[in-house]
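**Student:** quick one: sequence plus predicted model below, questions after.
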Amino acid sequence: MGVQMYENRELSWLKFNERVLEESEDERTPLCERLSFISIFQTNLDEFFMVRVGSLHDEMLLKENPRENKTNLTAEEQLEAIRERVKELTKRKDVSYSKLMEKLEEENIHLINFAKLDEKQGDYLKKYFENEIMPLLSPITVSKKQPFPFIKNNEICAVGVLIPKNSKAKNPKTRIGIVPCNNGMFRRLIQIPNSKGYYMLAEELILHFLPQVFQGYTIISKSLIRVTRNADIDADKVYDEELNYRDHMAEVIKQRRKLTPIRMEYTRDLDKQVLTQMKNFLKIDKDMIFKTKSPLDLSFVFDIQDILRHKPELFFEKRFPQRSPMLDETRPLLPQILEGDKLLSYPYESIRPFLNMLTEAANDPEVVSIKMTLYRLAKHSKVVEALVEAAENGKQVDVLVELKARFDEENNIEWSRMLESAGCHVIYGLDGLKVHSKLCLITRKNGESVQYITQIGTGNYNEKTARLYTDLCLITADVGIGLEAARVFQTLSLGEVMTGTEHLLVAPRCLQNKVIDRIDREILRAKEGKDAYLGFKLNSLTDKKIIDKIIEASEAGVKVEMVIRGINCLRTGIPGKTDHIRTVSIVGRFLEHSRVYIFGQGAREEMYISSADFMTRNTVHRVEVAAPIYDSKLRDQIRSMFRTQLADNVKAREQQPDGSYAYVLHEEPEINAQEQLYQMAYDAVGASVTRAVEEEVQ
């Protein structure tokens, strides 16, 4: 198998983020939504540097400097390729931003600088700066007595190259003056009075008036900068046995804020000598310094969206999550689930039935226990409210809270304290393994019989993301699944992992191998001249063992169809190797997040939904659960969704043999899978139903 069949993980991720950037360029997308996509592109890239580039940076410092297992690149070679690609994408982002600002001017929204101000506007901003902003600033000049300050992660700073005004030297030494610009004490988007629709960013105002901040100096050049720090810290490697695990994670968060700078961005020309000084002060690679023409933080575009809310044509058509036709919410829900399996599809259908089911279980006298894994939660979580209510009602409530959910650690620490104080039994996962599964088990004692109601999802128990991410939620009373879910919770509470399963696929020991076994079955059928099929919907594909098995399947003649939103380390369409594989990526209004595995077709078909992507981190280094779909009607529904996604010719891009992606060639009629699936949810409950059941969830 040649290297050409593999794609580097990091470069594949950058291709995904390029598809996000394409959405900001797509004139078919409403203007205000295009603003969202360019901001998402930037925040995605920030996290990529904080986590993936940070990890490569650490790896490069290792003596052995291992090579990546698919394209055989060292960490240094990957970083070099990333730098070049990021430079290209930064230029493209700047062009997209400039065009979006031109479009905003047509809507009478003007983001201006001092070159475009008249005298009256300039006087107002000067007074505003002196009265509202300057007293709140904390400027620093770097000197022997004043060392280079700590710059927070992704903090915007105004930087000036200074010469003392009273210096008589022919070639006076320059100093660097630094002013942090986003301290949270003043608003960032400043409206200019008597000039409707005219705004200026606070950091641009600070940069303009830098001479007033450093009055004893002449400023010979100035720029805005932003520093990104490595956020990749292994909580298990730095474990402190003197602290309980929750307090240890709080210390890990503090350490992350101080980690090594790995990128600097700047917006104006600075002397090379000054850039060298900044590089030395920050101890940052010179090739990790990037110039950009657009603002260093694009989150202000959401404020602009708020200003334009009165123009609905600038936004996507409003869509509201609908009630599920499978459940009658006017009746108790638990008995309905005992009658047959139910499926919820977010955001097309509301998360409300699941939340109501939890609340119902909390108050049902026959419910004896609720067990649940929690990874990421909404800010005001109704899931936690239901679990607290259950504990206060005397139920046994066992909750595994994953404190290592990156960037959600602080939230999860607070939720764990609240759950504990309410009487829930809280555990924190396993050494060296994240618990990423989305699993809930409700146990009822009905007379002499025990009933199990199990929920397995592809997404987090988060009311907010349930309106933004596409996810699936299976709720079943199947006894076999319930007993196996109970075993999952038992092994977790003992600090162990599942070593054998009959119904569920449970990583790290019983998922990757079972997926490979099922692919092998299809390979065998293809070699026997029988029909063979594999279908996968994933966020990412990086697991080399599974990738190699999919390649083997293609070589044997198995038809493989994949919908992969993000990273894809397998190149498809290569003659004789991967030409039986078709892969599309959908990047659109909603974030594609559900995972579906399909093995075989017709009566032989096996189908699973899961929280696990085919990434080594999921299949080997996390606790993940995939659930079988036994009900034929539910399989039909999921298969129909999958086929709709494969037929998308509006937001789908198809992977090419060279690893690039191209929009699917347009064929009439247009099929925008996400919009079509939403319309199907509307039609299922009657076209006249257009109110948001989700409003009651918030």
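**Tutor:** That came through fine. This is a predicted model, so every value here is computed, not measured. Numbers count the residues shown, from 1 in each chain.

**Student:** for the rest of this, base every contact and every neighbour count on C-alpha atoms.
**Tutor:** Noted.

**Student:** low-confidence ranges, this protein, go.
**Tutor:** The chain contains residues with pLDDT under 70 at 1-3, 63, 233-258, 405-407, 687-698.

**Student:** and the longest helix that it contains, which residues are buried?
**Tutor:** Of all segments of type helix in the chain, defined using DSSP state H, the longest is helix 75-106. For helix 75-106, the neighbour count (16 or more other CA atoms under 10 Å) marks 75-76, 78-79, 82-83, 86-87, 89-90, 92-94, 96-97, 100-101, 104 as buried.

**Student:** do the same with stretch 275-285
**Tutor:** Neighbour-count burial for stretch 275-285, counted by 16+ other CA under 10 Å, picks out 275, 278, 279, 282, 284.

**Student:** just to revisit the earlier point, what helices and strands are in contact with the longest helix of the chain?
**Tutor:** Applying 3 or more CA pairs under 8 Å, 6 or more residues apart in numbering; DSSP states H and E, we find helix 75-106 packed against helix 9-25, helix 31-48, helix 54-60, strand 110-111.

**Student:** out of the ones you listed, which is closest to residue 519?
**Tutor:** Nearest of the helices and strands packed on helix 75-106 to residue 519, taken as CA to CA: helix 9-25 at 22.7 Å.

**Student:** about what we covered before: compare the helices and strands packed on helix 75-106 and give me the one nearest residue 213.
**Tutor:** Among the helices and strands packed on helix 75-106, the nearest to residue 213 by CA to CA is strand 110-111 (23.6 Å).

**Student:** that closest one pairs with which strands?
**Tutor:** strand 198-201 (parallel) (DSSP bridges).

**Student:** list the buried residues in the partner strand.
**Tutor:** For strand 198-201, a neighbour-count test (16+ other CA under 10 Å) marks 198, 199, 200, 201 as buried.

**Student:** distance from it to the middle of the chain?
**Tutor:** Centre-to-centre, strand 198-201 and its host chain are 30 Å apart (CA atoms, centre = their mean, to the nearest Å).

**Student:** and the helix or strand just after that strand, what other elements does it pack with?
**Tutor:** Next in sequence after strand 198-201, counting helices and strands by DSSP states H and E, comes helix 202-208. Identification of packing neighbours for helix 202-208 by 3+ CA pairs under 8 Å, 6+ apart yields strand 156-164, strand 217-229.

**Student:** now residue 504: how far from residue 137?
**Tutor:** With the distance defined as CA to CA, to the nearest Å, residue 504 ends up 57 Å from residue 137.

**Student:** check residue 74 too.
**Tutor:** Shown here: residue 74 relative to residue 137, a distance of 43 Å by CA to CA.

**Student:** mind listing the helices for the stretch 301-450 of the chain?
**Tutor:** Along the stretch 301-450 of the chain, counting by DSSP state H, counting those that start in this stretch, helices occupy 301-307, 333-339, 352-363, 382-392, 409-421.

**Student:** hang on, the earlier thing: for residue 605, find the nearest of the helices and strands packed on helix 202-208.
**Tutor:** Among the helices and strands packed on helix 202-208, strand 217-229 comes nearest to residue 605, with 47.1 Å by CA to CA.

**Student:** that closest one pairs with which strands, and in what direction?
**Tutor:** Strand 217-229 has the following sheet partners, assigned by DSSP bridges: strand 156-164 (antiparallel), strand 261-266 (antiparallel).

**Student:** for that strand, buried residues please.
**Tutor:** Buried residues in strand 217-229 (16+ other CA under 10 Å): 217, 218, 219, 222, 223, 224, 225, 226, 227, 228, 229.

**Student:** let's have those residues in TSV, adding distance to residue 522.
**Tutor:** Shown next, in TSV, are the buried residues of strand 217-229 (distance: CA to CA, whole Å):
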residue	distance to residue 522
217	74
218	74
219	70
222	63
223	59
224	57
225	54
226	51
227	50
228	46
229	46
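
**Student:** just give me the closest of those residues to residue 11.
**Tutor:** Nearest to residue 11 out of the buried residues of strand 217-229 is residue 228 (CA to CA; 19.4 Å).

**Student:** wait, the closest one sits on residue 50?
**Tutor:** Yes: using CA atoms under 8 Å, residue 228 is in contact with residue 50, at 6.7 Å.

**Student:** now the common contact residues for these two.
**Tutor:** Common neighbours of residue 228 and residue 50, using CA atoms under 8 Å, 6 or more residues apart in numbering, are residue 262.

**Student:** in the stretch 551-698 of the chain, which spans are strands?
**Tutor:** Along the stretch 551-698 of the chain, the stretches classed as strands by DSSP state E, counting those that start in this stretch are 559-564, 581-586, 591-592, 595-599, 606-610, 622-628, 652-655, 661-663.

**Student:** export those to JSON lines and tack on distance to residue 270 and mean neighbour count?
**Tutor:** Listed next are these as JSON lines, based on distance: least, CA to CA, whole Å; neighbours: other CA atoms under 10 Å:
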{"stretch": "strand 559-564", "distance to residue 270": "42", "mean neighbour count": "23"}
{"stretch": "strand 581-586", "distance to residue 270": "40", "mean neighbour count": "25"}
{"stretch": "strand 591-592", "distance to residue 270": "39", "mean neighbour count": "20"}
{"stretch": "strand 595-599", "distance to residue 270": "47", "mean neighbour count": "24"}
{"stretch": "strand 606-610", "distance to residue 270": "50", "mean neighbour count": "23"}
{"stretch": "strand 622-628", "distance to residue 270": "46", "mean neighbour count": "25"}
{"stretch": "strand 652-655", "distance to residue 270": "40", "mean neighbour count": "24"}
{"stretch": "strand 661-663", "distance to residue 270": "37", "mean neighbour count": "17"}
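
**Student:** nearest to residue 351, out of the helices and strands packed on helix 202-208?
**Tutor:** Smallest distance to residue 351 across these (CA to CA): 35.9 Å, for strand 217-229.

**Student:** just the CA coordinates for that closest one, please, in CSV.
**Tutor:** Only the C-alpha atoms of strand 217-229 are listed here, as CSV (Å, rounded to 0.1, in the frame of the first residue of the first chain):
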residue,chain,number,x,y,z
TYR,A,217,8.2,58.5,23.7
THR,A,218,8.1,58.9,20.0
ILE,A,219,6.4,55.9,18.4
ILE,A,220,8.2,54.8,15.2
SER,A,221,6.0,51.8,14.4
LYS,A,222,3.0,50.1,15.9
SER,A,223,0.8,47.1,15.4
LEU,A,224,-1.8,44.9,17.1
ILE,A,225,-0.6,41.4,18.0
ARG,A,226,-2.1,38.3,19.4
VAL,A,227,-0.3,35.3,21.0
THR,A,228,-1.6,31.7,20.9
ARG,A,229,-0.3,29.4,23.6
